[in-house]
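*Asks:* got a predicted model here, sequence first, then my questions.
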Amino acid sequence: MANEKRGGYRQINQALNICAWEGYLNEQHARLPTLEDVEQISPRVLRVLGQNEGKFTLQGTNTYIVGTGRHRLLIDTGQGIPEWASLISSTLAGSSIELSHVLLTHWHGDHTGGVPDLLRMYPDLSDSIYKHTPGKGQKPISDGQTFRVEGATVRAVHTPGHSHDHMCFILEEENAMFTGDNVLGHGSSAVEVLSTWMSSLRMMQSLRCAVGYPAHGAVIRDLPSKLDLELTQKARREDRVVETLKQMKTEDQRNGARGKGSVTVQQLVTAMHGHDLDEQVRTMALEPFVDEVLRKLAQDDRVAFEVRGGQKKWFAIEYT
């Protein structure tokens, strides 16, 4: 696999926080299970690792060859690591497989980066790359759209939250879901808009798929339980943010301060996690995540903010 320097980045926009990997970051000393570079994980699904193992990509991006016949579809293309292209080429050739469709879960570079290599090797695929909100030369995917190959019926489900264009795919024959980055095999996913992501997870729950094939990490053998856990953990984090704001206000009042007890995101993160934080984890993970939690809590009328000294300062809304 590629080393972390090579494959450990996450392509994100400024609004996207990578911090929902918080649980993983706090437990990075724990060893992740080893995944094979190429593994038949079900009769219809062959997983090929993207060779971009790293801090935020776990064992690397999972790309999936789906179907049982000569013509199959591919879900995601990795980050553009040459070793992935070689693996895909040898895997397809070794089993006399041809790709009929390429489905992209979303726009992030660790999922779309392999498209140029794929088109270089298989130029006939130039008219067969599909993505919600497609880029140049790509075809659109609509919610509910179905793709069929021998042995596999794959239905697209629009599940925004991790990104605006995020799609999951249901493999009808297995009652399984390719969960993309909305739900991972280890830890928690990154969130672009927390409230939207939580709504998508509830919708995913309603589909009652038993198994999850995530874009990072091992197969999720009990997807309903994983979805329950994700939603419960996010709700607990929201409660923790509100309680910390209340505690900080109480402490200020004990020290003679007046007002709403409002604090900046930076002050709130320090109160929750201490002063001895890795600066990269603070700025790239915890602060963006807490900021997004605060935005959702504001939508729920649990917190509000005021602007003081040119800074946005947050406080808990206390109802009497």
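*Replies:* Perfect, I can see it now.

*Asks:* in the protein, which residue sits furthest out from the middle?
*Replies:* Ranking residues of the chain by C-alpha distance from their mean position (C-alpha atoms, centre = their mean) puts Gly256 at the top, at 43.9 Å.

*Asks:* any idea how far that one lies from Ala215?
*Replies:* Per C-beta to C-beta, to the nearest Å, Gly256 is found 51 Å from Ala215. Yep, even glycine has a C-beta here, placed from its N, CA and C like the rest.

*Asks:* hang on, the earlier thing: three-state assignment of the residue farthest from the centre of the chain?
*Replies:* coil (DSSP: H, G, I helix; E, B strand; the rest coil).

*Asks:* show the contacting residues for the residue nearest the centre of the chain.
*Replies:* Centroid-nearest residue in the chain, with C-alpha atoms, centre = their mean: Asp181, separated by 2.7 Å. Counting by C-beta atoms under 8 Å, 6 or more residues apart in numbering, Asp181 makes contact with 105-106, 108, 111, 162-163, 166, 189-190, 214-216.

*Asks:* excluding its backbone neighbours, what's nearest it?
*Replies:* In this structure, Asp181 finds its nearest non-sequential neighbour in His162, 4.6 Å apart by C-beta to C-beta, 6 or more residues apart in numbering.

*Asks:* doesn't the one you found fall inside a strand?
*Replies:* No: assigned with three-state DSSP, His162 falls outside any strand and is coil.

*Asks:* where does it land on pLDDT?
*Replies:* pLDDT recorded at His162 is 93.

*Asks:* and the residue farthest from the centre of the chain, how far from Glu306?
*Replies:* Distance from Gly256 to Glu306, by C-beta to C-beta: 20 Å.

*Asks:* can you report phi and psi for His204?
*Replies:* Wrong residue type there; residue 204 is Met, not His. The phi/psi pair for Met204 (degrees, to the nearest 10) reads phi -60, psi -40.

*Asks:* tally up the residues packed near it, please.
*Replies:* 24 (other C-beta atoms under 10 Å).
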